Each structure stands twice: as structure tokens, then as C-alpha cells.
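A.B. asks: Compute the structure for the input listed below.
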Amino acid sequence: MKQLVDKSWSDRSYEVGTLMYVKLHPNKHISVAFRANIKLAPKYFKSFFIIDKIRVVAYKLQLPQGFKIHDVFHVSQLR
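C.D. replies: Numbering: from 1, shown residues only. Alright, predicted model coming up:
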């Protein structure tokens, strides 16, 4: 089973100052982006600049003041 998981594993790292797309669950984050039809919502919300690299897979993004979500995001290593 480990061999099957390792096939889809990819090493991803980003530098400070680059743009990163944020993927939000449409039914959980209505306060950020209200959509009239959740099924037709886009997959990615918007791109934001990376301010700081916390760990290997955690990055702090520069979000606008009105956002009610945490500004540190986890980057998945799977495809």
C-alpha cells in the first residue's frame, strides 16, 4: 500500500512573495464568498501572496482585512 501512495506523492515548496490560489469549501465559507448556487462555484477562490513560510507544508498568506478565516494554510503534498 505504501508503494501505491508514494506514486502520487509530489514534493511541493513555494517561495515567499509568490502567488498561491486558495481553495475553499463553498458550503463552509459562505462569509468569505457568497455564491447563489454552490454547485456552480469555482474550484479556487482567489490568489494571494505568500508572506511567510511557517513549516515545510504551512504558509501564511496576505489576506484582506474583512476575511473571517485563518491566514495560515496547509499545502497538500498529494496530486
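A.B. asks: which residues of the chain fall in strands?
C.D. replies: 19-22, 46-53, 58-61, 72-74 (DSSP state E).
A.B. asks: Give me the contacts around the last one.
C.D. replies: Around strand 72-74, the neighbours that count as contacts under Cβ atoms under 8 Å, 6 or more residues apart in numbering are 20, 22, 54, 57-61. In this view, the C-beta of every residue, glycine as well, is placed from N, C-alpha and C.
A.B. asks: ok so, going back, out of the strands of the chain, flag the one nearest residue 7.
C.D. replies: strand 72-74 (21.6 Å; Cβ to Cβ).
A.B. asks: Please identify the buried residues of that closest one?
C.D. replies: residue 73 (16 or more other Cβ atoms under 10 Å).
A.B. asks: Pairing partners for it, with directions?
C.D. replies: Here strand 72-74 is paired, per DSSP bridges, with strand 58-61 (antiparallel).
A.B. asks: Between the strands of the chain, which one is closest to residue 6.
C.D. replies: Of the strands of the chain, nearest to residue 6 by Cβ to Cβ is strand 72-74, at 19.9 Å.
A.B. asks: Looking at the contacts of strand 72-74, which is nearest residue 47?
C.D. replies: For these, the nearest to residue 47 is residue 20 (6.4 Å; Cβ to Cβ).
A.B. asks: which one is the closest one nearest to, not counting chain neighbours?
C.D. replies: residue 50 (5.6 Å; Cβ to Cβ, 6 or more residues apart in numbering).
A.B. asks: and the one you found, what are its bridge partners?
C.D. replies: Legend: beta-bridge partners of residue 50 under DSSP bridges are residue 61.
A.B. asks: So what's the residue count around it?
C.D. replies: 17 (other Cβ atoms under 10 Å).
A.B. asks: distance of it from residue 18?
C.D. replies: 6 Å (Cβ to Cβ, to the nearest Å).
A.B. asks: and if you look at residue 73?
C.D. replies: Distance of residue 73 to residue 18, computed by Cβ to Cβ: 13 Å.
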